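> Just need the structure, nothing else, for what follows:
(chains A, B, C and D, ligands or ions: 4)
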Amino acid sequence: MAVQFTFNTSGMMMDAKGTITGTILDMVEELPHVVYINGDGTGSGNRVRAAFDKYPDRVLDAGIAEANMVSMAAGMALRGYMPFAQTFGPFLSVRALDQVHNDLAYNDLPVRLIGTHGGITSGYGPTHNTIVEFGIMNSIPNMTMIAPCDANQCIKFLEASLDWPQPIYIRIPRGEEPLVYTEDYKYEIGKAITVRPGSDLTLIATGSGVYNSLQAAKQLAEDGMSVAVIDMHTIKPIDREAIINAARTTGNIITVEDHNVLGGLGSIVADVLMEAGVPARLKKIGIPDKFVPFGYPDELYPVYGFDGPGIAATARQFMQ
Amino acid sequence: MAVQFTFNTSGMMMDAKGTITGTILDMVEELPHVVYINGDGTGSGNRVRAAFDKYPDRVLDAGIAEANMVSMAAGMALRGYMPFAQTFGPFLSVRALDQVHNDLAYNDLPVRLIGTHGGITSGYGPTHNTIVEFGIMNSIPNMTMIAPCDANQCIKFLEASLDWPQPIYIRIPRGEEPLVYTEDYKYEIGKAITVRPGSDLTLIATGSGVYNSLQAAKQLAEDGMSVAVIDMHTIKPIDREAIINAARTTGNIITVEDHNVLGGLGSIVADVLMEAGVPARLKKIGIPDKFVPFGYPDELYPVYGFDGPGIAATARQFMQ
Amino acid sequence: MTTTQGANADPVVDDGSTVVRINSVPELIEKAGFIRKQLALGTHRIGGVHIGGPLSATDMAVALYYKHLGFDPANLDDPYRNTFILSKGHNGILLYTIFCDLGLYDWDELLDTYNTVEGNTFGAHPNRLHVKGIEVSTGSLGHGLSLACGVAHANRDKQIPARVYVMLGDGEMEEGSNWEAIMYAASKKLDGIVAIVDFNHFSASFAAGENIVWPNMAETFRSFGWDAIEVDGTDMQAIDEVLSSLPPVDYANPGKPIAIISSTTKGQGIDYMEAAPGAWHIGGLSKEKLEETYEIIDAYTARKLAEV
Amino acid sequence: MTTTQGANADPVVDDGSTVVRINSVPELIEKAGFIRKQLALGTHRIGGVHIGGPLSATDMAVALYYKHLGFDPANLDDPYRNTFILSKGHNGILLYTIFCDLGLYDWDELLDTYNTVEGNTFGAHPNRLHVKGIEVSTGSLGHGLSLACGVAHANRDKQIPARVYVMLGDGEMEEGSNWEAIMYAASKKLDGIVAIVDFNHFSASFAAGENIVWPNMAETFRSFGWDAIEVDGTDMQAIDEVLSSLPPVDYANPGKPIAIISSTTKGQGIDYMEAAPGAWHIGGLSKEKLEETYEIIDAYTARKLAEV
Ligand SMILES: Cc1ncc(C[n+]2csc(CCOP(=O)(O)OP(=O)(O)O)c2C)c(N)n1
Ligand SMILES: Cc1ncc(C[n+]2csc(CCOP(=O)(O)OP(=O)(O)O)c2C)c(N)n1
Ligand SMILES: [Mg+2]
Ligand SMILES: [Mg+2]
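Numbers count the residues shown, from 1 in each chain, chains lettered A, B, ... in the order given. Ligands and ions are numbered 1, 2, ... in the order given. Sure thing, here's the model as predicted:
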């Protein structure tokens, strides 16, 4: 069901990474089974360090040893704990993949991995970017893959995660992202949210793509195009119904993601549509299967056309 | 262009793993830049051990340390060598993924990784199976992903690989697979081979799926169904033309792979078709996104319907 | 639940638990002989089983499961239990064999359905979701110590003074992930952890020192801040003494995590396997060979009994 | 190609190469002072640069690039060259700065285009496909020693007696992959490898010993079969002596790979950074702060000069 939201046009920024960390530390205080694990990111003189000192067995720092970090989290989950382990995305989803695959997915343990600097937002180049984890987690049984679009949704996701029995990989950007949602809303893992209705074209976006897609939709509205925007915050399990519905209602779909276009949201949408046999036109916006240059997203997003104007331009071309 | 082959109905078995190893060791003898690296698989009293003793700097065994194995191979490639590194698939594609991603793909070095026991052929359960590497490698820029269908094709692939400038991940089954090809043929990385023409339905298969698909096509021919079989030995870069052509000529496609149906060959085919906007019906045969029980392929393949009769049954249903 | 541990059983508890505790070293040696014969039987009935590693780890595993772990088949989820993690997961058959002996499973169930889809209980690598008594699914080497760090943190968080025993292979120690866990465990004084390296002098391909060289594994552990004890892993008396001598887990006065380097031979107890450990990493036995092998094991067990 | 290495340059070769060789310790110290100031300039002009690590590694890098490596800007692909691998890739700016000084690049190119799409040469982590003189692209920690194993095998296969220097961080040594390479290099006597740990007593978050504890890193290396040398990495004289004392690479008489544990402080040479290494893992400098920082560096350099 399409729930309607006014989206935040103020461009108000909020730190997704900080929000997540803070929320988990709140949980640590309230819930004795919640664990927070960092990987040499504890810092000093901050709230994480204070918690690290206060809870020596529940707020941990594995150091620069991500394999140990992930398996250790699994070890705590074996004893009924729910660990949230956070560091740069590639060091969880790529470096520690054997641990994710075996100790989390195959053992089916409710560990939550929070990969920061998702997509090309790191600014630190391909070793610190992760344009591959949608594809990776999609192929691993038992995994759930989430990419919230703003700091508030991170809180919603964290609450929802407490009841989710399986391992979750959550990807967030670097931090300081514009807010998408202004009003409260119901959040459910695996249920896409229609943030803007429309009848000509649907933008199916995830993570940072949602805000940019809303900007594009607004621009396109000025041209008289009615553009729906779906926040596909859950990449796996994918919301097939929402995709099929988009195909049926608008017939034209553009996917928007800060991820390799091979194996990412766009590919998953294609997969769902082909399997369902619902005809639709599809265009994917994302990273064109290459290692991107160095630079921050402000500079890089326009290069790959997933800032608002870039998405709008692609949409105009697609709908000609 | 469809080249036609008589396929091997004798069911003659040939050891793909042994063939690959033997061929690489031949190359080591002939080509001073070829390197062979194993991961505690050198054994004793065999040809690999003899070469290991004879070429202490070109036939190596990294021990049970796959991360070091892959990066070390990259180090040799930095100096102009072409290393072939072979061990169980998951320990290359999953365990050492950070090394594959950064030292091979990002550094763009011509290392060849040979992941054995591909798919669910290991018989050793999910820690030794790899039903994820098509999805993984597909999302990593610069990677080439190959899955030969028989021992002879392994030789063809190895020859072709000598001129390929980028890193390659090659997946082979456990060993002792039936031969698909009897006659000689031209092999090119990235060019699918139509091993059997047909007009009603196309089976697009890879690896062990090719032989089984040919068996199915033969059975279906008896029912009067004209079934084409394509050997999609290269998963990345995918042969778009072959897929689009199959959609245009038969309109019905079934993909056959020993891989998770999420992110594998079937998903890639769906992606290509949606992007091209060519209408076709698609059905994917593979592992249904779960960790499979323990057992050998003889027992497991029928469970997932990718033995010959299983594929034929799916095809009959699909074409009703 | 009653256990079928045979004549050697000495249930010492009266709290309704079914913990088996064999206190006598000769009886432990006999039990090890029995387990070896059952492993041989499995190798015959199943074929293609990892056998060299299970045999070298048998004495240590028997000392643990029949005495030091306090393993309670009727209370597998006891939060106060000691944990055993089989990091070298390819030795799953060793645990299944012990579990059958302890009454958790029938012998025929193990021997008829091992590694079959039909049974899907006993895989070539142990799966915690399929096999009662398995703490964690393993198979990819180099995970057990990290998992143990997590369990040890959990125990300490709950102030449960339990041990976490991790069984590793000498070849397995080549995995770097182990060393991450080793430096972490020492740094955090996770002294409930006992790493047992079944140093059977063989990986899947190489005799110790033939490829990767360990100058002195105990010293290496110590250099990371662990205590390390070297023991003859074929001497039940010595094993029992080492396991008995471990200091108590006392969170108020934390010590160091402890490594036990247990020196053995791959295929321990079956001479022709010891002589060709590479061939017997995985193997199968014909009916005739099985009979011969039973005799070899009996003779070995008798020798070991004579030594105490 | 001519180099612009300034007054300290002492090109000793006459074979057409442009190798820079500064033999005098005071001149190396002066060069280190100059590099530190250029790093400070970069930190001002660019902002948001990894700075603490580059500063602590400066003396070692200067000793290598201006003397011991025989680095030849005009002959970067020389198959006989010594190799330098920056395993702690986040210190790329240190190499770029040296490369500018050696004439491989213009200062403005570095300072104006660092980490921009437009330039796409100088990334936050060095990319061998974009930057001349970079041997291998790094950034994910714990890869350099394994890469070095490959280069060392290649050199030995061709009987090229060259060295492979790998610069690592103390925090980086927490990655298990390093220890795989360490056991492998010792086992295969890859004695061309020199691992230099810039032990600056800080990772990104923790002072040494605050989280992961190293009882004695040199001992740990030795336990794996390496030679290990501890040096004051802020004392150019000592650095020069250690690098000069390394035995020749002689494949007929292989020795052990060598670890140099170089003791430094994160932010070395800039007192306010040394006092707050966590804040200066990455940093930026205002114009005023830059001027002040130049003075601090000059004073530091003068002190170091006075000590020799
Ligand atoms: C990460 C990983 N790499 C490789 C293997 C394949 N493998 C299974 S057993 C084995 C040899 C193990 O030797 P060791 O640890 O000494 O065990 P044991 O001798 O006790 O059987 C290998 C290489 C694996 N299971 N996991
Ligand atoms: C595998 C990996 N994990 C984490 C990081 C993030 N990271 C970059 S620098 C750094 C701290 C490194 O500390 P150290 O090795 O001591 O370097 P230095 O003090 O010389 O800067 C971390 C954790 C990384 N680059 N790679
Ligand atoms: Mg062994
Ligand atoms: Mg440091």
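> residue contacts, residue 172?
Reading this off chain A. Contacts for A:I172 (CB atoms under 8 Å, 6 or more residues apart in numbering or on different chains) come out as A:16-17, A:20, A:114-116, A:118, A:147-148, A:154, A:207. Every C-beta, even on glycine, is put in place using the N, C-alpha and C of the backbone.
> nope, chain C
B:64, C:87-88, C:141-142, C:178.
> circling back: in helices, which of the contacts of A:I172 appear?
Judged by DSSP state H, helices contain the following of the contacts of A:I172: A:16-17, A:20, A:154.
> Most neighbours among the contacts of C:E172, which one is it?
Highest neighbour count within the contacts of C:E172: C:G142, with 32 neighbours (other CB atoms under 10 Å in any protein chain shown).
> do you know how far the closest residue to that one other than its chain neighbours is from ligand 1?
Nearest residue to C:G142, sequence neighbours excluded (CB to CB, 6 or more residues apart in numbering or on different chains): C:E175, at 3.0 Å. Between C:E175 and ligand 1 the distance is 6 Å, computed by CB to the nearest ligand atom, to the nearest Å.
> List the contacts of whichever residue of the stretch 201-308 of chain C sits closest to ligand 2.
Nearest residue of the stretch 201-308 of chain C to ligand 2 (CB to the nearest ligand atom) works out as C:F224 at 17.7 Å. Residues near C:F224 by CB under 8 Å, 6+ apart: C:179, C:182-183, C:186, D:215, D:220.
> Kindly report the same for C:R222.
C:228, D:223.
> Also C:Y114?
The contact partners of C:Y114, by CB under 8 Å, 6+ apart, come to C:42, C:46, C:49, C:93, C:96, C:122.
> Between the residues you listed, which sits nearest C:A276?
Nearest to C:A276 among the contacts of C:Y114 is C:V49, at 16.0 Å by CB to CB.
> measure the residue lying closest to that closest one once chain neighbours are set aside to C:F99 for me?
Nearest residue to C:V49, sequence neighbours excluded (CB to CB, 6+ apart): C:T43, at 5.0 Å. Taking CB to CB, to the nearest Å as the measure, C:T43 falls 17 Å from C:F99.
> C:M60 now?
Distance from C:M60 to C:F99, by CB to CB: 16 Å.
> re the thing from before, now the contacts of C:E172 in a markdown table, with pLDDT?
Putting the contacts of C:E172 into a markdown table (pLDDT from 0 to 100) gives the following:
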| residue | pLDDT |
| --- | --- |
| B:I64 | 98 |
| C:S87 | 98 |
| C:K88 | 98 |
| C:L141 | 98 |
| C:G142 | 98 |
| C:N178 | 98 |
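> mind giving me TSV with the contacts of A:I172 and columns for neighbour count?
As requested, the contacts of A:I172 are exported to TSV (neighbours: other CB atoms under 10 Å in any protein chain shown):
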residue	neighbour count
A:A16	28
A:K17	20
A:I20	24
A:I114	28
A:G115	24
A:T116	25
A:G118	31
A:A147	31
A:P148	30
A:C154	28
A:G207	31
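> residues in contact with residue 217?
I'll assume chain A. A:196, A:198, A:203, A:227-229.
> hmm, I had chain C in mind actually
Going by CB under 8 Å, 6+ apart, C:M217 touches C:170, C:173, C:197, C:199, C:228, C:259, C:261.
> Which of those residues has the largest number of neighbours?
C:M173 leads the contacts of C:M217 on contacts (other CB under 10 Å) with 30 neighbours.
> how would you label the closest residue in space to it that isn't next to it in sequence: helix, strand or coil?
What sits nearest to C:M173 in space, not counting adjacent residues and going by CB to CB, 6+ apart, is C:V197, at 6.3 Å. Secondary structure for C:V197, judged by DSSP: H, G, I helix; E, B strand; the rest coil, is strand.
> Now for C:V197: which residues touch it?
Counted by CB under 8 Å, 6+ apart, C:V197 has contacts C:168-170, C:173, C:217, C:259-262.
> mind running it again at 7 Å?
Going by CB atoms under 7 Å, 6 or more residues apart in numbering or on different chains, C:V197 touches C:168, C:170, C:173, C:217, C:259, C:261-262.
> Who is it paired with across the strands?
C:L168, C:I261 (DSSP bridges).
> and whatever residue of the stretch 101-250 of chain C ends up closest to chain D, how many neighbours?
Of all residues in the stretch 101-250 of chain C, C:G176 sits closest to chain D, with a separation of 2.9 Å (CB to the nearest CB). C:G176 has 27 neighbours, counted by other CB under 10 Å.
> ok, back up a step: looking at C:T43 and C:F99, which is more packed in?
The neighbour comparison of C:T43 against C:F99 (other CB under 10 Å) goes to C:T43, with 26 against 21.
> ok, back up a step: out of the contacts of A:A217, who's nearest D:V242?
Relative to D:V242, the closest of the contacts of A:A217 is A:L203; by CB to CB it sits at 60.3 Å.
> a strand runs through the closest one, doesn't it?
Yes - under three-state DSSP, A:L203 sits within a strand.
> how close does it get to chain B?
Separation of A:L203 from chain B (CB to the nearest CB, to the nearest Å): 16 Å.
> Quick check: bridge partners of that residue?
Bridge pairing for A:L203 - DSSP bridges - gives A:V229, A:I254.
> from memory it sits against A:N212, does it?
No - with contact defined as CB atoms under 7 Å, A:L203 does not reach A:N212; the gap is 9.1 Å.
> More neighbours: these two, which one.
A:L203 (34 against 28).
> where do the contact lists of A:L203 and A:N212 overlap?
A:256, A:311.
> tell me the contacts of C:G150?
A:72-76, A:78.
> Near the residue of chain C found nearest ligand 1, how many other residues are there?
Among all residues of chain C, C:G169 sits closest to ligand 1, at 1.9 Å; criterion: CB to the nearest ligand atom. Number of residues near C:G169 (other CB under 10 Å) recorded here: 27.
> one step back: give me the element the residue nearest to C:V49 is part of.
Using DSSP states H and E, C:T43 sits within helix C:25-46.
> The helix or strand following that helix - contacts with which helices or strands?
Of the helices and strands lying after helix C:25-46 in sequence (DSSP H and E), the nearest is strand C:49-50. Helices and strands touching strand C:49-50, by 3 or more CB pairs under 7 Å, 6 or more residues apart in numbering or on different chains; DSSP states H and E, are strand C:282-283.
> Show me how far the next helix or strand after the strand it packs on is from its chain's centre.
Going down the chain from strand C:282-283, the next helix or strand is helix C:287-307, by DSSP H and E. The chain centroid and the centroid of helix C:287-307 are separated by 21 Å under CA atoms, centre = their mean, to the nearest Å.
> Go through helix C:287-307 and flag the buried ones.
For helix C:287-307, the neighbour count (16 or more other CB atoms under 10 Å in any protein chain shown) marks C:289-290, C:293-294, C:296-297, C:300-301, C:304 as buried.
> Using PDB, write down the CA coordinates of it.
Extracted C-alpha coordinates of helix C:287-307, given in PDB (Å, rounded to 0.1, in the frame of the first residue of the first chain):
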ATOM      1  CA  LYS C 287      35.800 -55.300   5.500                       C
ATOM      2  CA  GLU C 288      39.100 -57.200   5.700                       C
ATOM      3  CA  LYS C 289      41.100 -54.100   6.500                       C
ATOM      4  CA  LEU C 290      38.600 -53.300   9.200                       C
ATOM      5  CA  GLU C 291      39.200 -56.600  11.000                       C
ATOM      6  CA  GLU C 292      42.900 -56.100  10.800                       C
ATOM      7  CA  THR C 293      42.500 -52.500  12.000                       C
ATOM      8  CA  TYR C 294      40.500 -53.500  15.000                       C
ATOM      9  CA  GLU C 295      43.500 -55.700  16.100                       C
ATOM     10  CA  ILE C 296      45.900 -52.900  15.500                       C
ATOM     11  CA  ILE C 297      43.900 -50.600  17.700                       C
ATOM     12  CA  ASP C 298      43.500 -53.200  20.400                       C
ATOM     13  CA  ALA C 299      47.200 -53.800  20.500                       C
ATOM     14  CA  TYR C 300      47.800 -50.100  20.600                       C
ATOM     15  CA  THR C 301      45.400 -49.600  23.400                       C
ATOM     16  CA  ALA C 302      46.900 -52.500  25.300                       C
ATOM     17  CA  ARG C 303      50.400 -50.900  24.900                       C
ATOM     18  CA  LYS C 304      49.000 -47.600  26.200                       C
ATOM     19  CA  LEU C 305      47.400 -49.400  29.200                       C
ATOM     20  CA  ALA C 306      50.600 -51.100  30.000                       C
ATOM     21  CA  GLU C 307      52.400 -47.800  30.100                       C
END
